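**Q** what follows is a predicted structure for the sequence shown.
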Amino acid sequence: DVKVTQSSRYLVKRTGEKVFLECVQDMDHENMFWYRQDPGLGLRLIYFSYDVKMKEKGDIPEGYSVSREKKERFSLILESASTNQTSMYLCASSLLSDFRDYTAKNIQYFGAGTRLSVL
Amino acid sequence: QQQVKQSPQSLIVQKGGISIINCAYENTAFDYFPWYQQFPGKGPALLIAIRPDVSEKKEGRFTISFNKSAKQFSLHIMDSQPGDSATYFCAAPGAGGYQKVTFGTGTKLQVIP
């Protein structure tokens, strides 16, 4: 079974703190993603990475950065946390991210999420 | 940016009834529409997906259908069970590229005994 592990289930931080959210996958997947989940807004893509040291902005990258130094690890960084970044953060990985390929390779496997509260 | 409109936001269904969730998209380069299911305290997991060569796909009690001309796709859960109570997300690939999907806003389904 694919396992995507997020380092923390719950985090409480103060406004202005630098916050690191860590994600590790054990299936040698090429692609990793960070989403935030908010009620009524669904899952919104923050950043994704299709290779080590490669990253692309998603739909809501402002206020976030990412790091992928090793294939299995993808970190989300909040340089200066703000209250509007209070949310559930979900990490995902997939073998492929090419929807011209209609196979199971595109399935995204999600971690259990990190609920971040910024006070 | 791809928009995926999902409805309803929440749904209460009696055990044994049919649950129906609808999604509409704006544009997509690839007709591949996955549905994800999320239980409380867990991350979403793929439930079922439809490819462009079919207009309907059935897996057990779950059926997805696709209407390309209307740019709509839907999930039907037949004989709904309390264990189906979860949040369901539809998704569609973006119009501008092939690497991202856009998720719908989610439907919280509650199946009552």
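**A** On my side now, so go ahead.
**Q** nearest residue to the middle of the chain?
**A** The chain I'm using is chain A. residue A:34 (2.0 Å; C-alpha atoms, centre = their mean).
**Q** my question was about chain B, not that one.
**A** Chain B has residue B:90 as the residue nearest its centroid, 3.7 Å off, counting by C-alpha atoms, centre = their mean.
**Q** contact partners for it?
**A** With contact taken as C-beta atoms under 8 Å, 6 or more residues apart in numbering or on different chains, residue B:90 is in contact with B:4, B:6, B:21, B:23, B:33, B:34, B:35, B:73, B:75, B:103, B:104. From N, CA and C alone the C-beta is placed, and that goes for glycine too.
**Q** residue A:60 too?
**A** Taking C-beta under 8 Å, 6+ apart as the criterion, residue A:60 is in contact with A:36, A:44, A:45, A:46.
**Q** so which of these also contact chain B?
**A** By C-beta under 8 Å from any C-beta of the partner chain, the members of the contacts of residue A:60 lying near chain B are A:44, A:45.
**Q** among the contacts of residue A:60, which pair sits farthest apart?
**A** A:36 and A:45 (8.7 Å; C-beta to C-beta).
**Q** quick one, strands of chain B?
**A** B:4-7, B:10-14, B:19-25, B:33-38, B:45-50, B:56-59, B:62-67, B:72-77, B:86-93, B:101-103, B:107-112 (DSSP state E).
**Q** for chain A, same thing?
**A** Using DSSP E, strands in chain A cover A:4-6, A:10-13, A:19-25, A:31-38, A:42-51, A:54-57, A:65-70, A:73-78, A:87-94, A:109-110, A:114-118.
**Q** got TSV for those, with mean pLDDT too?
**A** Output for the strands of chain A, formatted as TSV (pLDDT from 0 to 100):
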stretch	mean pLDDT
strand A:4-6	96
strand A:10-13	97
strand A:19-25	97
strand A:31-38	95
strand A:42-51	93
strand A:54-57	92
strand A:65-70	96
strand A:73-78	97
strand A:87-94	96
strand A:109-110	94
strand A:114-118	97
